[in-house]
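1. Sequence unavailable; structure follows:
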């Protein structure tokens, strides 16, 4: 852009801006959006899997505690 002494307006800037930069901005924006979406989906999947594992562990612990309590009660009732 050569300095001609006049203040560049938006139109002159628009005509002197190469169209490639617009494509680069669009491509970069699309890549950023795709990366953000993929990262968010991965985080959601990890959170869901961890939550499922926690629920399974809690269920197993509850079942074991119930079985132990039932066995203790049966043993106490039988021997008393």
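-> Thanks, I have the structure now. Keep in mind that what you see is a predicted model, and the values were worked out from it rather than measured. Residues are numbered from 1 along each chain as shown.

2. lowest-pLDDT helix or strand in the protein?
-> For the chain, the helix or strand with the lowest mean confidence is helix 10-16, at a mean of 55 (criterion: mean pLDDT, DSSP states H and E).

3. Distance-wise, check residue 34 relative to residue 53.
-> Here residue 34 is placed at a distance of 29 Å from residue 53 (Cβ to Cβ, to the nearest Å). Heads up, the C-betas are built off the backbone N, CA and C, glycines and all.

4. longest helix anywhere in this structure?
-> helix 19-79 (DSSP state H).

5. Show me what it is packed up against.
-> Contacts of helix 19-79 with other secondary structure elements, assessed using 3 or more Cβ pairs under 8 Å, 6 or more residues apart in numbering; DSSP states H and E, are absent: no helix or strand is involved.

6. ok, and for stretch 43-62, which residues are buried?
-> Of the residues in stretch 43-62, none count as buried by neighbour count, 16 or more other Cβ atoms under 10 Å.

7. now that stretch: mean pLDDT?
-> Mean pLDDT, taken over the full extent of stretch 43-62, equals 97.

8. can you give me the offset of it from its chain's centre?
-> Taking the mean of its C-alpha atoms, stretch 43-62 sits 17 Å from the chain's own mean (Cα atoms, centre = their mean, to the nearest Å).
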